[in-house]
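Peer 1: All I have is the shape, not the residue letters:
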């Protein structure tokens, strides 16, 4: 359907020859943009609807009852399904700590939640299929669990701002949403996400189309292929200062992987962009001291690098 | 009636604030619409996900921006 639309628009309306380099690139661009935006909207809608059944309060109440490694795993899994944006990370952090949820468990949640978001899940599924989407989700959980356990073991509680422990949290009655309200929530979420990410998606696919038509495969394969461990490090280091909404990195990653860049190399870059963004750290600085932020960045960064290696190692099976 | 919009200034919080004001204006009910952006106050309500709406100190909406129609029915209660 989307291919037919691209055939018609580029071939008939623009009058371009699809056999030429330009024709092929424009065709690829139109096809990919329409396909991704439409299918992505549908997937985000479904995921948002499911997410409307979860809330930080329910998550908190469940996490209060469990302890040990199980708590880390549960926190990380709830990080996937609990709707949550970076602007809520401070009240969420305070709420969890106030409830007596261990610092490391809170971090398991905070690490996994941004990595495994509805956009990344939808995009990876559309671009690479379920095997890679699932691997990415599992990777996000493993990074959250391991990172959270290490933070717990290091005993970094003293690097939480003192005022956090003095705060008084209130209690309120959680309301049940109606079917209609959930649909409105899901629709608004789709509109919000698509409105924010569409320029990145278009630019990302544009760059992807360029790479598709012009950059030779051998160049990328030789420099950033799965066998180059150094490329993973560079990818993660480069991803940290980028803003978390730069989700257009995924379409670029897609094109890069198709051209021979290692799967783990490209996806660890995407994870670094989402999990370790500067704005997120600025927000977290309100509740935790620089030492703990540094520990969080190093631990999560190292975990992402390892996951990148693992995915590169497994890439022949996954792709 | 006192309507409090809880949020630290994210785009959704601004949207909720504007929509609540619109709902109040259209329904012609005398209500005071206040922004609550101090973390202590938001935490004091127990809210972990912004934006949220409190009517006379009672939390009625958390973590979403309801439609204008829903807001109007909330205000009329």
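Peer 2: All right, it came through fine. Predicted, not measured: the structure shown is a model, and the values here were computed from it. Numbering: from 1, shown residues only, chains lettered A, B, ... in the order given.
Peer 1: who touches the helix ranked longest in chain B?
Peer 2: When secondary structure is assigned using DSSP state H, the longest helix within chain B turns out to be helix B:11-27. The list of residues contacting helix B:11-27 from outside it, by Cβ atoms under 8 Å, 6 or more residues apart in numbering or on different chains, reads A:85, A:87, A:192, B:3, B:5-7, B:31, B:33, B:35, B:37, B:50-51, B:53, B:61, B:65-66, B:68, B:71-72, B:75-76. C-beta here means a position set from N, CA and C on the backbone, and glycine is covered the same way.
Peer 1: Go again with 7 Å.
Peer 2: Helix B:11-27 is contacted by residues B:3, B:5, B:7, B:31, B:33, B:35, B:50-51, B:53, B:65, B:68, B:71-72, B:75-76 when judged by Cβ atoms under 7 Å, 6 or more residues apart in numbering or on different chains.
Peer 1: Tell me the buried residues in that helix?
Peer 2: For helix B:11-27, burial by neighbour count (16 or more other Cβ atoms under 10 Å in any protein chain shown) applies to B:12-13, B:15-17, B:19-20, B:23-24.
Peer 1: average pLDDT for it?
Peer 2: Averaged over helix B:11-27, pLDDT sits at 89.
Peer 1: now do stretch A:197-206
Peer 2: Predicted confidence along stretch A:197-206 averages 81 (mean pLDDT).
Peer 1: Now that stretch: buried residues?
Peer 2: By neighbour count on 16+ other Cβ under 10 Å, the buried set for stretch A:197-206 is A:197, A:200-202, A:204-206.
Peer 1: so which of those residues comes closest to chain B?
Peer 2: Ranked by distance to chain B (Cβ to the nearest Cβ), these are led by residue A:197 at 13.9 Å.
Peer 1: Hmm, residue A:119 and the closest one touching each other?
Peer 2: Yes - counting by Cβ atoms under 7 Å, residue A:119 is a contact partner of residue A:197 at 6.3 Å.
Peer 1: which ones are touching residue A:122?
Peer 2: Listed by Cβ under 7 Å, 6+ apart, the contact partners of residue A:122 are A:40, A:43-44, A:47.
Peer 1: Just give the nearest non-adjacent residue to it, would you?
Peer 2: Nearest-residue entry for residue A:122: residue A:43, 3.6 Å, with adjacent residues in sequence omitted and distances by Cβ to Cβ, 6 or more residues apart in numbering or on different chains.
Peer 1: Next, the one you found: secondary structure please.
Peer 2: At residue A:43 the chain is in helix, as set by DSSP: H, G, I helix; E, B strand; the rest coil.
Peer 1: cool, and residue B:61?
Peer 2: Residue B:61 falls in the strand class when you classify it by three-state DSSP.
Peer 1: Is the residue nearest to it when sequence neighbours are not counted bridged to anything, and to what?
Peer 2: Spatially, and ignoring its direct neighbours in sequence, residue B:61 is nearest to residue B:53 (4.1 Å; Cβ to Cβ, 6+ apart). Beta-bridge partners of residue B:53, counted by DSSP bridges, are residue B:5, residue B:61.
Peer 1: Surely residue B:53 and residue B:64 touch.
Peer 2: No - if you go by Cβ under 7 Å, residue B:53 and residue B:64 don't touch, sitting 9.6 Å apart.
Peer 1: For the stretch 151-300 of chain A, give me the ranges with low pLDDT.
Peer 2: When residues are selected by pLDDT under 70, those of the stretch 151-300 of chain A lie in A:212-213, A:215, A:217, A:243-248.
Peer 1: Buried subset of the contacts of helix B:11-27, written for ChimeraX?
Peer 2: Only the buried entries of the contacts of helix B:11-27 go into this ChimeraX selection, using 16+ other Cβ under 10 Å:
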select /B:3,5,7,31,33,35,50,51,53,65,71,72,75
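Peer 1: Identify, from the contacts of helix B:11-27, the entry nearest to chain A.
Peer 2: residue B:50 (5.4 Å).
Peer 1: Tell me which residues touch that closest one, please.
Peer 2: Residue B:50 touches A:87-88, A:91, B:6-8, B:10, B:13, B:42, counting by Cβ under 7 Å, 6+ apart.
Peer 1: Which one of those residues is nearest to residue A:186?
Peer 2: residue A:88 (18.1 Å; Cβ to Cβ).
Peer 1: ok, the closest one touching residue B:49?
Peer 2: Yes - under the criterion of Cβ under 7 Å, residue A:88 makes contact with residue B:49 at 4.9 Å.
Peer 1: how far away is residue A:190 from chain B?
Peer 2: Computed as Cβ to the nearest Cβ, to the nearest Å, the residue A:190 to chain B distance reads 13 Å.
Peer 1: So that residue is in contact with residue A:45, correct?
Peer 2: Yes - at 4.9 Å, residue A:190 counts as touching residue A:45 under the criterion of Cβ under 7 Å.
Peer 1: Which one of those two is surrounded by more residues?
Peer 2: residue A:190 (21 against 18; other Cβ atoms under 10 Å in any protein chain shown).
Peer 1: Run the chain-centre distance for the helix or strand hosting the more buried one.
Peer 2: Using DSSP states H and E, residue A:190 maps to helix A:179-214. Centroid separation between helix A:179-214 and its chain, computed with Cα atoms, centre = their mean, to the nearest Å, is 13 Å.
Peer 1: Quick check: next helix or strand after it?
Peer 2: Per DSSP H and E, helix A:179-214 leads on to helix A:217-224 as the next helix or strand towards the C-terminus.
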